[in-house]
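Q: give the three-dimensional model of this entry:
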Amino acid sequence: MWYESSVFYQIYPLGACGAPFENDHKKTHRLTRLTSWIPGLKKLGIDCVLLNPVFESISHGYDTTDYTQVDVRLGDNDDLRAFVRACHDNGSRVILDGVFNHVGRAFAPFADVLQNRENSPYLSWFDIDLNGNNEYDDGLSYQNWEGNANLVKLNLNNPAVVDYLCSIVQDWIDTFDIDGLRLDVAYCLAPDFLRALHTFTKSIRPDFFLMGETLHGDYNQWVNEQMLDSCTNYECYKGLYSSFNTRNFFEILYSFNRQFGNEQWCLYRGKHLFNFVDNHDVERIASILNVKADLPLIYAMLMTMPGIPCLYYGSEWGMEGKKNWNDTALRPAVEALEWNELTDWIHTLIDIHHALRPLYEGSYRQVALTNTACVYARELDGETVWTAINLDDSPVDLAVDFQAECVDWLADSQPVFVDWRVQIPAKGAMILTKKS
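A: Numbers count the residues shown, from 1 in each chain. I've put the predicted structure just below:
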């Protein structure tokens with residue numbers, strides 16, 4: 001499928017476009033700003049744009065009040081339709097954030113429950129206790145998301161709710177021509193709902209991409225032939241920055257092998273998890289790496305590890321961001337994309353990722369490993385790509401299990417002869433293939 005070889009680019013529109021945090025209900029066509037980014041994304045080599053919430057909400061977008069209308073702080077449906085069309089015209093797909101676990105308190109069916117209580121036709125759309133109460137003194141209580149009373153949990157075991165949400169997805173496909181969904185807090189979604197959504201969307205478009213936000217646990221419970229195509233790989237997210245900061249590549253390569261190694265017990269062989277070094281919920285990678293000179297190297301690992309790589313807007317030029325009370329510092333306004341040496345490097349990595357099939361279809365095998373240097377192989381149909389990374393300030397010489405005349409794709413295909421050992425430059429990375 002198209003997404004297996006794609007590089008994604010995540011944008012949080014309410015932040016990137018400079019919308020006020022609280023909905024002021026003043027229609028402002030801010031979403032058009034993103035259209036001006038498309039040429040830069042095309043130059044970078046992006047295959048698909050992931051837009052975080054764009055529909056009418058109370059504040060941060062995850063408190064949806066109307067799934068059918070683009071948030072007025074961003075503009076209107078025509079603006080989103082135009083953006084998706086422009087992306088398609090430039091060879092990029094678009095997926096939207098499907099926030100289906102919970103809604104904002106101003107969501108019309110919930111407002112009807114508050115007004116009409118047991119007489120509301122929507123009472124069973126939520127998990128309501130009419131004998132309880134809540135912090136808003138509604139005279140009833142309800143399930144919410146992780147203790148946040150402003151996020152009202154939908155009853156996804158109710159067929160009427162499932163039918164409604166499927167109709168919403170149908171509307172998004174018909175109106176905006178989207179290519180897939182990121183499912184917010186997929187670990188909270190009812191398994192039967194995920195199966196129904198899978199069946200529904202795949203009947204419309206067999207290549208419709210379903211990716212879920214998951215944190216811990218066995219990702220196979222969500223990523224399988226009946227439910228999701230992919231999920232967020234938080235295990236490797238933590239392992240990536242932690243291994244760089246502690247100078248301990250054993251951590252991340254253990255995860256690589258645990259997830260994608262050649263042994264039968266390895267968990268996710270043949271699956272394409274969604275990889276990242278930062279996103280809208282976590283601190284920017286440039287802010288949490290102890291050694292800023294490691295930024296190019298962590299992106300080299302991101303683009304060569306098994307799975308689907310995703311960049312978070314602004315991080316491709318080294319934007320920093322630390323968490324604050326409402327996460328707005330992680331989601332700043334950006335007028336225009338910037339381009340610097342880090343962006344050049346990532347552009348090169350994306351080109352290599354696209355050019356070498358083993359990097360997106362191949363198996364994984366560990367070749368050499370120390371605390372601060374590693375070599376691993378991606379293999380497909382007799383073709384091997386070796387990635388070598390060295391965090392040290394001095395070159396390192398590692399024993400490997402192959403002898404070949406190679407080229408280094410990160411050094412303009414310069415020849416490298418590997419004679420059972422490979423020398424990795426100081427603070428350097430190499431992507432090697434056998435010379436043809």
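
Q: how far away is the residue nearest to Val277 when sequence neighbours are not counted from Leu114?
A: Spatial nearest neighbour of Val277, excluding adjacent residues (CB to CB, 6 or more residues apart in numbering): Ile285 at 4.3 Å. Any C-beta I mention is one placed from the backbone N, CA and C, and that applies to glycine too. Plainly put, Ile285 is 42 Å away from Leu114 if you go by CB to CB, to the nearest Å.

Q: higher neighbour count, those two?
A: The residue with more neighbours, out of Ile285 and Leu114 and counting by other CB atoms under 10 Å, is Ile285; that gives 27 against 17.

Q: got a pLDDT number for that one?
A: If you check Ile285, the pLDDT there is 98.

Q: again with Ser413
A: 85.

Q: packing partners for the helix or strand containing Thr175?
A: Using DSSP states H and E, Thr175 sits within helix 159-176. Applying 3 or more CB pairs under 8 Å, 6 or more residues apart in numbering; DSSP states H and E, we find helix 159-176 packed against strand 64-70, helix 77-89, strand 93-98, helix 191-204.

Q: between the shortest one and helix 159-176, how many degrees?
A: For strand 93-98 against helix 159-176, the angle by axes from the mean of the first three to the mean of the last three CA atoms, to 10 degrees is 150 degrees.

Q: which residues touch the helix or strand following strand 93-98?
A: Stepping forward along the backbone from strand 93-98, the first helix or strand reached (DSSP H and E) is strand 102-104. When contacts are taken as CB atoms under 8 Å, 6 or more residues apart in numbering, the neighbours of strand 102-104 outside the stretch itself are 57-58, 62-65, 110, 144-145, 150-154, 185.

Q: then stretch 224-233?
A: Taking CB under 8 Å, 6+ apart as the criterion, the residues outside stretch 224-233 that touch it are 1, 3, 183, 186, 191, 194-195, 198, 209-215, 219, 222-223, 259, 271-276, 279, 307-308.

Q: which of these are buried?
A: Buried by 16 or more other CB atoms under 10 Å: 3, 183, 186, 194, 198, 209-214, 219, 222-223, 259, 271-276, 279, 307-308, out of those.

Q: any idea which element the nearest residue to Gln423 once chain neighbours are set aside lies in?
A: The shortest distance from Gln423 to any non-neighbouring residue, by CB to CB, 6+ apart, is to Asp397 (4.9 Å). When elements are assigned from DSSP H and E, Asp397 belongs to strand 396-408.

Q: same for that strand, what does it pack against?
A: strand 363-369, strand 373-380, strand 383-390, strand 414-424, strand 428-434.

Q: in its sheet, what does the fourth one sit against?
A: For strand 414-424, the paired strands and their directions (DSSP bridges) read strand 396-408 (antiparallel).

Q: give me the buried positions along the strand it pairs with.
A: Judged by neighbour count using 16+ other CB under 10 Å, the buried positions of strand 396-408 are 396, 398, 400, 402, 404, 406-408.

Q: ok, which pair from those residues is furthest apart?
A: In the buried residues of strand 396-408, two members sit farther apart than any others by CB to CB. They are Val396 and Val407, at 20.2 Å.

Q: hmm, back to that, could you check the angle helix 77-89 makes with the helix holding Thr175?
A: Computed by the same axes, to 10 degrees, the angle between helix 159-176 and helix 77-89 is 70 degrees.

Q: which of the buried ones among the contacts of stretch 224-233 fall in helices?
A: Counting by DSSP state H, the part of those found in helices is 194, 198, 259.

Q: nearest to Ile173 among those?
A: Within those, the smallest distance to Ile173 is 14.4 Å, found for His198 (CB to CB).

Q: how close does the closest one sit to Asp97?
A: Counting by CB to CB, the gap from His198 to Asp97 is 18 Å.

Q: elements contacting the helix or strand where Gly239 lies?
A: Under the assignment given by DSSP H and E, the secondary-structure element containing Gly239 is helix 234-246. Contacts of helix 234-246 with other secondary structure elements, assessed using 3+ CB pairs under 8 Å, 6+ apart, are made with helix 249-260, helix 285-288, helix 295-304.

Q: host element of Leu41?
A: Here Leu41 sits within helix 38-44, counting by DSSP H and E.

Q: pull the distance from that helix to the chain's centre.
A: 18 Å (CA atoms, centre = their mean, to the nearest Å).
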